[in-house]
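Q: Compute the structure for the input listed below.
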Amino acid sequence: MSRELNHLYQALAADTDRQALPGPDQVRRRADRRARNRATLGVVAAAVLVAGTAAGAQLVLAAGPGRTPVQPAVTPTPGPSTSPSPAAPSPTPSRTTQSPSGTPGGPTASSRPPAATPTSIPDRAFFTLPAANDAGTGSQFVPGPTLPTLCGSTPGESGIVARRARTLAFKLAGTPAENVPDGSYRNSITIYQAGRADDALRELRQAVRDCPRQPLANAPGATVTQRLLAGTRYGDESVLFETRTPYRDVNGNPSGGDEVHLIRAVRIGDVVTVLWEQGWEGTSTNRPQFEADSRRATEAVRRWLG
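A: You can find the predicted model right below:
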């Protein structure tokens, strides 16, 4: 062995003698501690890997096919000198008007303005006779009275806004075309100021009660009687009455029987329509035809007023 190698072995032996070697138990405990640390680190690393994989899968699924995965939001940590700004106050919800059914909506029925009263009367406000009753003479809008004379009283002449009246003849269904008409109407429509139409009907009732009998014009000694009748109600309210005159011969003497005519006034709101059956060459009113035409007159005014 060379002198240099021998010198190196001597130096190694000297260093080994200065440090005491650990015992077997210490060596075993150190080895067990290292093994436990390695196992713990392995479990933690596996958990981190699994969590990261799950989070990545959720981002990919949320993005959907063909979409870019959403990156997780990172909440910045404010620095020491940064203070959060106060949140803006929430706006106060506006108040909405409740409709009668309780749902939000526009103005309620009670707040809607009432329909304006018309100031003129068009032709369409008057009823049209069915073809079976059309006498072929048409309607003539001519001036004249709208009610029979009632002992000089003229009910319903106050608060008038507009009025139109016409005369038209009619035939009963089945009457031959070459025959003369079976009767005629004086049909009027009157618009009253608000609240005055019911006054007009009240005045008419009273005028009929106050005039049960009066002299017949242009027939000395003859009389005409008036009386209120019960009947079907039309419109908002209606008044029905009759005029009755004895038939007379050419000498003016009673010949038996009476000529009877019916008059009905119907109120719809502030409008009153009057149907006055005047006969034709001494005929009396046919009640079924008069009732049917009363309905037509009422419905025509309703359609016009809407």
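
Q: and the longest strand for this structure?
A: strand 254-268 (DSSP state E).

Q: what's it packed up against?
A: Applying 3 or more C-beta pairs under 8 Å, 6 or more residues apart in numbering; DSSP states H and E, we find strand 254-268 packed against helix 197-210, strand 237-248, strand 271-277, helix 287-305. To be clear about C-beta, it is placed using only N, CA and C from the backbone, and glycine gets the same treatment.

Q: got the ones you listed as JSON lines, with mean pLDDT, distance to Ser158 and mean neighbour count columns?
A: Formatted as JSON lines, these follow (pLDDT from 0 to 100; distance: least, C-beta to C-beta, whole Å; neighbours: other C-beta atoms under 10 Å):
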{"stretch": "helix 197-210", "mean pLDDT": "98", "distance to Ser158": "7", "mean neighbour count": "18"}
{"stretch": "strand 237-248", "mean pLDDT": "95", "distance to Ser158": "17", "mean neighbour count": "19"}
{"stretch": "strand 271-277", "mean pLDDT": "98", "distance to Ser158": "12", "mean neighbour count": "25"}
{"stretch": "helix 287-305", "mean pLDDT": "98", "distance to Ser158": "21", "mean neighbour count": "17"}
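
Q: what's the angle from the longest strand of the chain to helix 287-305?
A: The directions of strand 254-268 and helix 287-305 differ by 20 degrees, with axes from the mean of the first three to the mean of the last three C-alpha atoms, to 10 degrees as the criterion.

Q: Identify all contacting residues around stretch 229-247.
A: 148, 198, 201, 204-205, 208, 216, 222-228, 254-269, 282, 291, 294-295, 298, 301-302 (C-beta atoms under 8 Å, 6 or more residues apart in numbering).

Q: Weed out the non-buried ones from the residues you listed.
A: Among those, the ones that count as buried by 16 or more other C-beta atoms under 10 Å are 148, 201, 204, 208, 216, 224-226, 259-269, 291, 294, 298, 301.

Q: okay, now Pro145: neighbour count?
A: Counted with other C-beta atoms under 10 Å, the neighbours of Pro145 add up to 11.
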